[in-house]
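> return a 3D structure for these sequence lines:
(chains A and B)
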Amino acid sequence: VISISTKLVAVQVVCAACVFAILSLVLDRQLSSHMTAEFHAYNDVVTLALAKSVEPALIDRDATSAQSMVDAVLNLANVRWAYIAAADGTVLAHTFVPEFPATLKDQLRGSSDPTLVFLPGEAGPTLVFRKPILVGIVGTAYVGFTLENLQASIHSMERVILGIGMVLLAATLLVALLTTRITKPIRLLTQAARSFASAAPESYRPLPVAANDEVGVLTTSFNRMAAHVCEEHLTLEARVVERTQALSVTNAGLTAEIAERERAQQALTESGELVRLLLEGAPEAIYGSDERGNISFCNASCLRMLGYSEADELLGRNMHDTAHHTKPDGSHYPLADCPVYRAVNEGHAYHTQDDVLWRKDGTTFPVELSSRPIHRGGVAIGAVVTFVDITERKRAEEMLRGAKEAAEQGSRAKSEFLANMSHEIRTPLNGIIGMTDLALDSDLSEAQRQLLGTVKLSADSLLNVVNDVLDFSKIEAGKLELEAVDFNLPECLGASLRTLALRANQSDLELLCDVHPAVPEFVRGDPNRLRQILVNLVGNAIKFTAQGEIALSVRPMCSATGDVAGDGRLLFTVSDTGIGIPAAKQEIIFDAFTQADSTTTRAYGGTGLGLTICARLVRMMEGRIWVDSQPGIGSQFHFTAALPIADYRPVASSSIPDTAVLRGVKVLIVDDNRTNRGMLLDLLSLWEMRVVATATAESALAELAAARAADDTFALVLTDMHMPGMDGFELIERMRRGPHAPAAAIMMLTSGGHADDIARCSRHGVDATLIKPVGRIELRRSLCQALGAVSPPAAVPARSAVPARTGKAAEQDACRNPLHILVAEDNPVNQMLLKRLLEKRGHAVKIAANGRLALQAIGEETFDLVFMDVQMPVLDGLEAVAALRAHESATGAHLTVIAVTAHAMTGDRTRCLEAGMDGYLTKPLSQPQLDELLNSLGREADLAS
Amino acid sequence: MRNAKWHFPIIIALVLAPALPAWTSPTAFAGEKSEVIVTRNPEPILIGVSSVQTGPASEMGRNLILGSRAYFDQVNRLGGINGRSVAILLKDDHYEPDPAVQNTNDFIQGDQVLFLFDYVGTPTLTRTLPLLKYYSARQVVSVGPLTGADPQRLPPYDRFVFNIRASYREETRTLVNYLYSKGYRRIGVFAQADAYGKSGEGGVNDALGAMGLTVVANVTYRRNQPFESDLRAQVKILRDAGADAVIAVGVYEPSAAFIRDARMSGWNVPIANLSPSGSSSMLRKLKETSAALGCDLTTNLIVSQVVPPPDDLRFPLVVGYSAQTAPNDRSFTGLEGWLNAAVVTEALRRAGPNPSRGAFIAAMESLHDWDPGLGVALAFSPTDHQGLHKVWLTRTEHGIWVPEASP
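Down below sits the predicted model:
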């Protein structure tokens, strides 16, 4: 039922709302039409102003100024964009970005002013105003205005009107409510009293107290009374419920606890049994110890190993005192060192392998023992210890050690055997070879010469075989070590090839050597081993080549970066035109004891170890070796070796003349061999000589004539001796006989096989003779000499390069520098050999049979040189030289002592030099080796003086 | 091109300097070691400059005044012109027309400057022209504004301005001819939405019209947009219209932004810029961005210049500029400032001590057949206020500007 007061309030509110609605509608309509009209008037004026201002610029057809005006309009309020169109509709200036909208003109066409347009990318509609410029003749100004400000103004005005209406309505409502409010508390109190009496006390809700007047006091009192009654009632009921609940909870808890305990008991029993079974079954002995070291548990293995039958015998006893009291050596084992005790005490695990435990019967056994602390709550309460009996293991180790020692003993014996073999075989060989050499130099019948030649050949072969086998053994045993000394590479190559030149020449083979200009002159490495590889490869090439040429080329390896200077690795290639190697065999020829074909061995001889040794040596030089070959065409053996550029240039290099004197000198090369010609051309061009190269003597004469005609004659002619058709000597003759004999110096290249070649050369007035293969330095020196730039060094005969002298040629060299030489040597054969070899060169020789006698002789006479055998009875060579040096340190003198040894093992050389020797020779001694040594000593003496 | 005209004053100055009394007329060409000469008249010649010094286009205003200052510093160090030093009054107009007009009015009303100098920008300068006309009785002229637009080159305002640089019309014609000679026929225009852009666009339209061609599409951007703006919409419109080359009438930040957005969307057509694009600053900005984005944004760009490259030492003017500026300060715009200062210095020297504005104008108009050191002579006369007509082309190659022959 709606009360009358409520109805009255409603009528009041409805009337007020109607009046307000009518009023606001009228007001809104009035105001917005007024604002819109003003907005339009403003727009009209702005557009008109633009039209007027832009007029002069358009008349001047000045679009730039027009743009300036249009631009300025943009700063005015409500202007969104503006543009000027010519009478034909062309847009002259506008403010659109990024471009003039395509649809705009269509939207404006035919419509009246103003027009509402919608453009893509703009927030709302744009109201466009337009004004003709000069009555529309020059164009029309368009300005687009945004409605946002206008609409915002209208909206804000509407919000104000709405606000006023709300305030009015609220006021009306307030008046109506105030009148009803005064009577409300009494009415409520009456209602409450009635309902409290009839319903349950707890359904009563306290009445709100509106004010502190009389009605308020009454209400408060009634509330308090009702609350008191209600509280008593509730307390009683709550207590009954509470007691009932507590009882049931207690019952349920008890039941659950009983079940839980039964389960736990069962699990405990089961797991304990399992753990016990596991421990008992373990093969290792396991026992537990408490924090004092007393045994708290031990398994069956533990009892068995310690010799007890019952666990009770051990439980509770101190383990250290029972089985660990004494060390293996019988001394007392302090408790502080015991690993079990320490595990508990220090909280670390311990492991030991060399401990012993004592059995019940007083015997000991070795154990491996581990001890780990047991923690409970972070505190060590004991240790678990496992140990195993390692008696068997110890015994096995003992046997192994014995076997190893025996093996090492064997290896040592093998090495010693090798050294002895080396000595024992070489010493007699030395005698055979040396004596045969001497015999060959004496007057012999042809038949004797052939027989002795065969002896010599067989002995040489035997020596090679022995050397190969020894080298191979040394490499296999890891006994071979490479030297790392600075040496002159071209000289090393020359020396290697010279030893082979005779053989090549005997087979009518050209032997060529081509060293790339970028190859350094001085490198660091082992010259003797490099020579061994080269001699082997070139020797093989000679052996397997019937005709053609053999070429050795050396060039730097390109490094990974393409740098030609490279990383110090050199590529050596030995090419031949021999029988070649089938592809299938190319893989295995570097394996030990293998040749390309077993029949090869029969045809050509050799141990088949040479290439194997080469391969091992190359590998030690950090390189690799491989072969390219086509059967019937030839083979190319390549190998690389790390030969870095030497740290320093030995003084000797200063004796090589500078290439400056060669620069610009015009030289003619005549050689029928293309490879050789090319190599000479490269080398001479490198020294900046002006080079002309021809293949035949005929074309050489033509070149000489042409040069003469051009008044640019050759300063030097370098010609080969053996050429098809006209040979070198004939060429020289023709040159001399010609009407205008050239003043050119002449150099002749020979293969050096014939003893009279050199004599013929000097007869023909040749300025210098070179024996192929020609080394770079040798060539340079000879060129300089031939051109008169340097005089040949006195001690170095110009023909020192001749590889193998005939007896007569050698005799010519004798007596040049007669020396007084002491030979200390115990072996009579070698004594005689050395004496004969040296005396043949015109030296005076005295023999001493051992070191003591040698020292005695040195004290009595003055010697220029001593050859000292290393292995001698009474006082060996090393001891003798040490004594000599000790004596000399007082006098300041120095006698040159050369060691002679049959030892070919590593370290010999070092040992000799450390002992005070000046040089080192290996048996078997040979004439060339001796000559070379004496020559170099003579050179040194010259240089020193 | 080291001609006698150039060397002669140097030699005179070096030979005579110690012998002359302190007050004698100094010369701008003596070496740095010369003593500072005390001037008789301590009152400096005041020159008013209103240009952009802050905001996205500010490097143009700053570089221009840097070049001019370097020249005047040298002049002042040597005793000034006819005994008077040169002082620059500099006001910032933010590249906006209204501050430019206000600054100009302040100069004329309050500061008593002899002339206005080194203004930057078409929208700013064109709005100051009516003011100069309004004060025409005071004979205030604006010398060497950095704008090639038409209004100050045509009646009625041409007599209030001395234009030293070639016009946009000449620059756009050179660019259009260049692109035409390279076989490009579909040319689009990217222009600032204001008087500068309109001026360039008009030049392109006329040059193309002479060949019977039209612009394939026109796009605009709002003035003073920063480099960070997104201009991909403009790139898309030109690309969709099938343009095979673009002539950009902009300043360096938005132009660089346009080049960036074009290149990043894979559009590598030639983009030819006008001299106000601030080529040195633009290229530096593009190189920084290239490095950040890991691609090369500097390819296939052409800029027409009104001065030779600032490192082209074949020109005596450039030699002097290089001698007096640090390498990092050098730019095309800086060289233009140096050129402007060299021209007004010559005019002031001819005007004699205490020149009136009328005398200064007469001296400027006498700079006919006078070579500032560029191998071309100025063409000022009482009827012609356009000094130079020469346009140099440059293009990018490996991230630097290299000279390119004009077609």
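> can you count the residues close to the residue lying closest to B:P316 once chain neighbours are set aside?
Nearest non-adjacent residue to B:P316, counting by Cβ to Cβ, 6 or more residues apart in numbering or on different chains: B:G373, 3.7 Å away. C-beta: built from backbone N, CA, C; applies to glycine. Here the number of neighbours of B:G373 (other Cβ atoms under 10 Å in any protein chain shown) works out to 20.
> show me what contacts B:G373?
B:G373 sits next to B:6, B:315-320, B:342 when contact means Cβ atoms under 8 Å, 6 or more residues apart in numbering or on different chains.
> same thing but at 7 Å, please
Taking Cβ atoms under 7 Å, 6 or more residues apart in numbering or on different chains as the criterion, B:G373 is in contact with B:6, B:315-317, B:320.
> turn these into JSON lines, columns for pLDDT and neighbour count.
Shown next, in JSON lines, are these (pLDDT from 0 to 100; neighbours: other Cβ atoms under 10 Å in any protein chain shown):
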{"residue": "B:W6", "pLDDT": "40", "neighbour count": "17"}
{"residue": "B:F315", "pLDDT": "91", "neighbour count": "22"}
{"residue": "B:P316", "pLDDT": "91", "neighbour count": "19"}
{"residue": "B:L317", "pLDDT": "94", "neighbour count": "22"}
{"residue": "B:G320", "pLDDT": "91", "neighbour count": "21"}
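> kindly reformat those as a markdown table containing secondary structure and distance to A:V13.
Putting the contacts of B:G373 into a markdown table (DSSP: H, G, I helix; E, B strand; the rest coil; distance: Cβ to Cβ, whole Å) gives the following:
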| residue | secondary structure | distance to A:V13 |
| --- | --- | --- |
| B:W6 | helix | 98 |
| B:F315 | coil | 92 |
| B:P316 | helix | 95 |
| B:L317 | helix | 90 |
| B:G320 | helix | 91 |
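> part of a strand, is the residue nearest to B:P316?
No: counting by DSSP: H, G, I helix; E, B strand; the rest coil, one finds B:G373 to be coil, located in no strand.
> and it, how close does it get to A:R393?
The span separating B:G373 from A:R393 equals 102 Å under the rule Cβ to Cβ, to the nearest Å.
> cool, A:G842 as well?
As judged by Cβ to Cβ, A:G842 and A:R393 stand 75 Å apart.
> which stretches of the stretch 251-400 of chain B form helices?
Counting by DSSP state H, counting those that start in this stretch, the stretch 251-400 of chain B has helices at residues B:252-264, B:279-293, B:316-324, B:332-351, B:357-365.
> relative to A:N505, which of these is closest?
helix B:279-293 (70.8 Å; Cβ to Cβ).
> rounded mean pLDDT for that closest one, please.
For helix B:279-293, mean pLDDT rounds to 91.
> equivalent analysis for stretch B:144-159, please.
Mean predicted lDDT for stretch B:144-159 stands at 91.
> right, and the helix or strand after the longest helix along chain A?
When chain A is parsed with DSSP state H, its longest helix is helix A:214-281. Using DSSP states H and E, the helix or strand that directly follows helix A:214-281 along the chain is strand A:285-290.
> strand partners (parallel or antiparallel) of the helix or strand following that next one?
Sequence order places strand A:295-298 as the next helix or strand after strand A:285-290, per DSSP H and E. Partners of strand A:295-298 in the sheet, by DSSP bridges, are strand A:285-290 (antiparallel).
> neighbours of A:A915, how many?
Look at A:A915: counted by other Cβ under 10 Å, it has 20 neighbours.
> cool, and B:I45?
If we define neighbours as other Cβ under 10 Å, then B:I45 has 24 of them.
> now it: phi and psi?
Here is the backbone geometry of B:I45 (degrees, to the nearest 10): phi -80, psi 120.
> and the residue of the stretch 151-300 of chain B closest to chain A?
Distances between the stretch 151-300 of chain B and chain A by Cβ to the nearest Cβ are smallest at B:K198, namely 3.7 Å.
> so which helix or strand takes in that residue?
Following DSSP H and E, one finds B:K198 within helix B:195-209.
> buried residues in that helix, which are they?
Going by neighbour count (16 or more other Cβ atoms under 10 Å in any protein chain shown), the buried part of helix B:195-209 is B:195-205, B:207-208.
> state the mean pLDDT of it.
For helix B:195-209, the per-residue pLDDT averages 92.
> which SS state does the closest residue to A:L913 other than its chain neighbours fall under?
Using Cβ to Cβ, 6+ apart and skipping residues adjacent in sequence, the residue nearest A:L913 is A:Y920, 7.1 Å away. Assigned by three-state DSSP, the conformation of A:Y920 is strand.
> likewise for B:A191?
strand.
> what's the burial count for it?
Around B:A191 sit 24 other residues, with neighbours defined as other Cβ under 10 Å.
> that one against B:S199, yeah?
No: in this structure B:A191 lies outside contact range of B:S199 using Cβ atoms under 7 Å: 8.9 Å.
> what's stretch A:512-519 in contact with?
A:489-490, A:493, A:497, A:549, A:551-556, A:564-565, A:570, A:675-676, A:679, A:682, A:686, A:773, A:776.
> again, but for stretch A:669-687
With contacts defined as Cβ under 7 Å, 6+ apart, stretch A:669-687 is touched by A:510, A:512, A:514, A:517, A:549, A:551, A:659, A:662, A:667, A:691, A:693-697, A:700, A:717-720, A:723-724, A:731, A:749, A:776, A:779.
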